[in-house]
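K.L.:
the following comprises the amino acid sequence and a computationally predicted model.
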Number of protein chains: 2
Amino acid sequence: MTIPTESDVINALSRVMDPELGRNLVELQMIRNIKITSSGAVSFMIALTIPGCPLREKISADAKAAVLALPGVKNVTVNLGAMTEEERKAVLGKNQSFSPKLNEFNQVNQVIAVMSGKGGVGKSSVTALLAASLACKGKRVGVLDADITGPSIPRMFGLAPGGVRGSQDGMLPGITARGIKVISVNLLLPEEDMAVIWRGPMISGTIQQFWNQTLWGQLDTLLVDLPPGTSDASLTVLQSLPVNGVLLVTTPQGLASMVVRKAVSMLQQMKVPILGVVENMSYYICPDTGKKHAIFGESHASEIAEAAGVKVWARLPINPQITALCDAGKVEEADLPEIEEIVKLLG
Amino acid sequence: MTIPTESDVINALSRVMDPELGRNLVELQMIRNIKITSSGAVSFMIALTIPGCPLREKISADAKAAVLALPGVKNVTVNLGAMTEEERKAVLGKNQSFSPKLNEFNQVNQVIAVMSGKGGVGKSSVTALLAASLACKGKRVGVLDADITGPSIPRMFGLAPGGVRGSQDGMLPGITARGIKVISVNLLLPEEDMAVIWRGPMISGTIQQFWNQTLWGQLDTLLVDLPPGTSDASLTVLQSLPVNGVLLVTTPQGLASMVVRKAVSMLQQMKVPILGVVENMSYYICPDTGKKHAIFGESHASEIAEAAGVKVWARLPINPQITALCDAGKVEEADLPEIEEIVKLLG
């Protein structure tokens, strides 16, 4: 009769995730005291990170099922325990040790993330317009494009793919007409429409490299353009980078506002300060009549601002000229007075 | 002197990822033949999935560093080998075995994914409008909302959070006024603006459960609303669900079109058929003058269609009434004649 070895059991358990931490039980050092009898009875202890973990039943059932599936296993006993405070710190500390240090040549005074939760609300245009305005005022500005699968920043600044060179000390960012330093997946790809088909860990690893392996030099402000969603990319930026504050971008649509409130809820859970709300595509001024049209409905920005405990700092119009400048790589030539309100917010 | 045990070494290696497969080396059963001497010398073999794996140096260096970091380890020797064809199949087969079978009570005639790559172009409204039109023609329709962190579908149909009940056989989907069956994270949450802060594996697992643990019953068409990006959610849908074809949604902006072409490149690499391109927010008709305004610039949809080898099937206007209906949960009352063109495409 085949009896599994301890390695087999560990192997099986390394496929069971702690759903909250998003890491497997073996990696989290939760598995203790594996015993295997010659009759195929397996027992082990799962040391939970918190004794009253609400997911204990699920974790235990998943672990049991994974080991029961091994050939030769007749029955499985799972004992639930908890880590000591010290062990817990060691594991969490290890997670934190993934958090990368900035390259020694760099000095970044503040990191501001531009987030929405919802796609297509204009995070990237707001980021680019803000960067341009700051650069115009003589600030040293960088933009980290954390949207790995849908990067828009290089195109807006007219930076071509394949434009990043590296040295032993790190990657040299792309530099725009006004001297803004930019790093983005689309600067590394040979063609801008190549797909980046990566799962979460690669996305997270790339963002960390953008942060600590780019030769940013001295920056007054690094703007981080986040992708939609509250998954890997956003989590990595908020956990691994020293984000000073987040600017929320929304549009008037009720649906967009609902998804942006999810971002607010994430930021509050992670205790990251929210600086303010910007409403994009607020209205359209008909060039023939000069009349304002609320194309995407009445504003819901104040609801978001209220949930976040901040103010609505600007309402930006739908402006076909700015769309055209972004498409043409000339965002730095845009002139949108409403952006100045947001710049004040960044100090 | 402390000498690490085999479990310690496996533990350490379970934190090293194969960057391409996005899984750790232990989980992939790549670690063989661990030897630990009493003087703290550790050696092991890494069986690569392909002998000439381009990432072999990185994997080997990462594994070495992980083991060297263990207390008591003096030096580490990594031998590179390759899996046999049989082993490789077993590992890949195991990955594939995650691919879930449909619940035995279900029968789904066709699965159509609505994708864009870019956020905020109107994937969800197109999905909802299509579903409503199909239902109106007497088809049995389901909608699987694969946008886990930014789900819009329930709100558009007026389905309240907390509306999913389950039995031993699976989850009962939400049912709209016209009998469309809907499953979405926002039906499971107690509040619609709660954030779902999950990394990739949880996102993928949830999508698979939506597919195989929902009691869909008999469906003519299941529409899958994909989130932005070409990462976990899209990969899982395209790898695990029997997708018959993909409908691409874009907007006129050049920037959107560039990101949508990334989705085309992903679909071509994964050999999933593209059915056609729909351009949303193509123009706005000023209610005062009746004049068409190309608010988001001139169309780039034909470039995408050409890259994908298909036609542009519809150009949908910006229609504030439809936005309002979507916000109010009444998408089924919308009347947009252009949708009928797309319905034809689904057969």
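P.N.:
All right, it came through fine.
K.L.:
residue nearest the middle of chain A, spatially speaking?
P.N.:
For chain A, the residue nearest the mean C-alpha position is residue A:234 (1.6 Å; C-alpha atoms, centre = their mean).
K.L.:
how about that one, what does it touch?
P.N.:
Residue A:234 is in contact with A:115, A:146, A:226, A:227, A:263, A:266, counting by C-beta atoms under 8 Å, 6 or more residues apart in numbering or on different chains. Just so you know, the C-beta spots here come from the backbone N, C-alpha and C atoms, and that holds for glycine as well.
K.L.:
try 6 Å
P.N.:
Taking C-beta atoms under 6 Å, 6 or more residues apart in numbering or on different chains, we find residue A:234 in contact with residue A:226.
K.L.:
which non-adjacent residue is nearest the closest residue to chain B within the stretch 1-150 of chain A?
P.N.:
Nearest to chain B, among the residues of the stretch 1-150 of chain A, is residue A:119, at 1.0 Å (C-beta to the nearest C-beta). Leaving aside its sequence neighbours, residue A:119 sits nearest to residue B:119 (C-beta to C-beta, 6 or more residues apart in numbering or on different chains; 1.0 Å).
K.L.:
within the helices and strands, which one has that neighbour?
P.N.:
Per DSSP states H and E: residue B:119 is located in neither a helix nor a strand.
K.L.:
hang on, the earlier thing: assign a three-state SS to the residue nearest to the centre of chain A, would you?
P.N.:
Following DSSP: H, G, I helix; E, B strand; the rest coil, we place residue A:234 in the helix state.
K.L.:
same question for residue A:131.
P.N.:
helix.
K.L.:
can you pull the contacts of the residue lying closest to residue A:164 once chain neighbours are set aside?
P.N.:
Setting aside the residues directly before and after it, residue A:164 is nearest to residue A:187 in space (C-beta to C-beta, 6+ apart), at 4.6 Å. If you count contacts by C-beta under 6 Å, 6+ apart, residue A:187 has them with A:154, A:163, A:164, A:174.
K.L.:
is it correct that the third one is in contact with residue A:170?
P.N.:
No - counting by C-beta atoms under 6 Å, residue A:164 does not reach residue A:170; the two are 10.4 Å apart.
K.L.:
more neighbours, the two?
P.N.:
residue A:164 (20 against 17; other C-beta atoms under 10 Å in any protein chain shown).
K.L.:
burial count for the residue lying closest to residue A:300 once chain neighbours are set aside?
P.N.:
Spatially, and ignoring its direct neighbours in sequence, residue A:300 is nearest to residue A:257 (3.6 Å; C-beta to C-beta, 6+ apart). Around residue A:257 there are 26 other residues, counting by other C-beta under 10 Å.
K.L.:
how about the one 4 residues further on?
P.N.:
Residue A:261: 24 surrounding residues under other C-beta under 10 Å.
K.L.:
any idea which helix or strand carries it?
P.N.:
In this assignment (DSSP H and E), residue A:261 forms part of helix A:254-269.
K.L.:
what's the following helix or strand after that helix?
P.N.:
Next along the chain after helix A:254-269, taking DSSP H and E as the criterion, comes strand A:274-279.
K.L.:
tell me the average confidence for that next one?
P.N.:
Strand A:274-279 shows a mean pLDDT of 96.
K.L.:
that strand pairs with which strands?
P.N.:
The strands that strand A:274-279 pairs with in its sheet are strand A:245-250 (parallel), strand A:312-315 (parallel) (by DSSP bridges).
K.L.:
quick one: residues in contact with that strand.
P.N.:
Here strand A:274-279 makes contact (C-beta under 6 Å, 6+ apart) with A:126, A:245-250, A:267, A:301, A:304-305, A:308, A:310-315, A:342, A:345.
K.L.:
next one: it to chain centre, how far?
P.N.:
Distance of strand A:274-279 from its chain centroid, counting by C-alpha atoms, centre = their mean, to the nearest Å, is 17 Å.
K.L.:
so residue A:281 makes contact with residue A:317?
P.N.:
No - using C-beta under 6 Å, residue A:281 makes no contact with residue A:317, being 7.8 Å away.
K.L.:
any idea where the helices of the stretch 101-250 of chain A begin and end?
P.N.:
A:123-136, A:153-156, A:185-188, A:200-212, A:232-240 (DSSP state H, counting those that start in this stretch).
K.L.:
which positions within the first one qualify as buried?
P.N.:
The neighbour-count check on helix A:123-136 (16 or more other C-beta atoms under 10 Å in any protein chain shown) flags A:123-135 as buried.
K.L.:
which other residues reach that helix?
P.N.:
The contact list for helix A:123-136 (C-beta under 6 Å, 6+ apart) reads A:114, A:116, A:141, A:143, A:152-153, A:156, A:178, A:180, A:221, A:223, A:225, A:249, A:278, A:326, A:331-332, A:336, A:339, A:343.
K.L.:
ok, now the second one?
P.N.:
Contacts with helix A:153-156, where a contact means C-beta under 6 Å, 6+ apart, come from A:124, A:128, A:143, A:145, A:182, A:184, A:186, A:187, A:225, A:326, A:331, B:255.
K.L.:
burial of residue A:138, as a residue count?
P.N.:
By the criterion of other C-beta under 10 Å, residue A:138 has 9 neighbours.
K.L.:
check residue A:236 too.
P.N.:
As a burial measure, residue A:236 scores 24 neighbours (other C-beta under 10 Å).
K.L.:
do residue A:75 as well
P.N.:
13.
K.L.:
isn't it up against residue A:41?
P.N.:
Yes - counting by C-beta under 6 Å, residue A:41 is a contact partner of residue A:75 at 5.3 Å.
K.L.:
point out where the stretch 101-250 of chain A drops to low pLDDT.
P.N.:
A:101-103 (pLDDT under 70).
K.L.:
close to chain B: what parts of it are there?
P.N.:
A:118-121, A:149-150, A:152, A:155, A:192-195, A:197-203, A:228-232 (C-beta under 6 Å from any C-beta of the partner chain).
K.L.:
could you rerun that using 7 Å?
P.N.:
Remark: the part of the stretch 101-250 of chain A in contact with chain B comprises A:117-121, A:149-150, A:152, A:155, A:192-203, A:227-232, A:235, using C-beta under 7 Å from any C-beta of the partner chain.
K.L.:
now, of the residues you listed, which are buried?
P.N.:
Burial by neighbour count, judged by 16+ other C-beta under 10 Å, picks out A:117-121, A:149-150, A:152, A:155, A:192-203, A:227-232, A:235 from these.
K.L.:
quick one: contacts for residue A:302?
P.N.:
By C-beta atoms under 7 Å, 6 or more residues apart in numbering or on different chains, the residues touching residue A:302 are residue A:312.
K.L.:
pull up the gap between residue A:17 and residue A:118, please.
P.N.:
The gap separating residue A:17 from residue A:118 is 27 Å, by C-beta to C-beta, to the nearest Å.
K.L.:
ugh, wrong one, residue A:222
P.N.:
Residue A:222 is 23 Å from residue A:118, where distance means C-beta to C-beta.
K.L.:
residue A:261 contacts residue B:194, doesn't it?
P.N.:
No - between residue A:261 and residue B:194 there is no contact under C-beta atoms under 7 Å: 8.9 Å.
K.L.:
buried residues, stretch A:48-59. List them.
P.N.:
A:48, A:49, A:53, A:56, A:59.
K.L.:
re the thing from before, tell me which two in the contacts of helix A:153-156 are the farthest apart.
P.N.:
The span of the contacts of helix A:153-156, defined through C-beta to C-beta, is set by A:187 and A:326 at 16.8 Å.
K.L.:
residue A:317 is in contact with residue A:280, correct?
P.N.:
No - the criterion here is C-beta under 7 Å, and residue A:280 misses it with residue A:317 at 8.9 Å.
K.L.:
which of these two has more residues huddled nearby?
P.N.:
Between residue A:280 and residue A:317, counting by other C-beta under 10 Å, residue A:280 is the more crowded of the two (24 against 15).
K.L.:
dihedrals phi and psi, that one?
P.N.:
In terms of degrees, to the nearest 10, the main-chain angles of residue A:280 are phi -100, psi 160.
K.L.:
over to the one 10 residues further on?
P.N.:
In terms of degrees, to the nearest 10, the main-chain angles of residue A:290 are phi 70, psi 10.
K.L.:
many thanks, I have nothing further to ask.
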